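Q: Pasted the sequence and its predicted model underneath.
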Amino acid sequence: MAVKSRAATWRLRSRRALTVASRLLMAAVVVGWSMFLHPSKLGGQAEYVIVSGRSMEPVLRTGDLAIVRRQASYATGQVVAYRIPEADVGGGMLVIHRIIGGTTADGLLLQGDNRDHPDMWRPRGDDVVGTLRWHIPHAGTVLVLLRSPLVVAVAAGLTAFWLVAMRGKAAGGRGPADSEPAPWVPIRPPSAMVPGFFSCHR
């Protein structure tokens, strides 16, 4: 009996320790996201860029997800994302290239690692979205697929089917005459699919 009691006590303590560790890990993830990965459109300092094009190969490739973060100053050699000045051709579009000269006051000189010539635009400090902090290969491609209308429609259909199945299961053994039709439930895409949450680079 004493051995069983010790084993039960050990299992209980292990579960409690695992629960505490899980909560601490979740808290660390939330704090880290709030401090470093909070999107600018939600009041944070980070921007998520889905890379398109070959101008930054081999550092960045089409379909990669780049996470950039705004900072007080930028230096030559850093990879930054910037918006083309509104007065220029392509104004407002987002580009992610490397700084090769200039200043944020007079205009930065940028160039893609896989390009022979610098960019035609000279963005200033307000045009810079942030410097590259992390990138996840192929993650951008996955996000684009998840945001496609077909995937959203399939997810909505599966969710509706699941709701109807769960309602039927809860009804138990009631016959067709006693069962009520399932109410129509609007299906909304998750917040990560809100248009404009991710920006693309050409």
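A: Nice, thanks for sending it over.

Q: Quickly list what the residue lying closest to residue 128 once chain neighbours are set aside is bridged to.
A: Of all residues not flanking residue 128 in the chain, residue 82 sits nearest, at 4.8 Å (Cβ to Cβ, 6 or more residues apart in numbering). From N, CA and C alone the C-beta is placed, and that goes for glycine too. Residue 82 has the following beta-bridge partners by DSSP bridges: residue 95, residue 128.

Q: For residue 82, grab the count of nearby residues.
A: Using other Cβ atoms under 10 Å, residue 82 has 27 other residues around it.

Q: same deal with the one 4 residues further on?
A: Other residues lying near residue 86 total 9 when counted by other Cβ under 10 Å.

Q: ok, now which ones touch the residue nearest to residue 128?
A: For residue 82, the contacting residues are 94, 95, 96, 97, 108, 110, 121, 123, 127, 128, 129, by Cβ atoms under 8 Å, 6 or more residues apart in numbering.

Q: Residue 71 touches residue 133, doesn't it?
A: No - at 9.4 Å, residue 71 does not count as touching residue 133 under the criterion of Cβ atoms under 8 Å.

Q: tell me which element residue 17 is part of?
A: helix 2-32 (DSSP states H and E).
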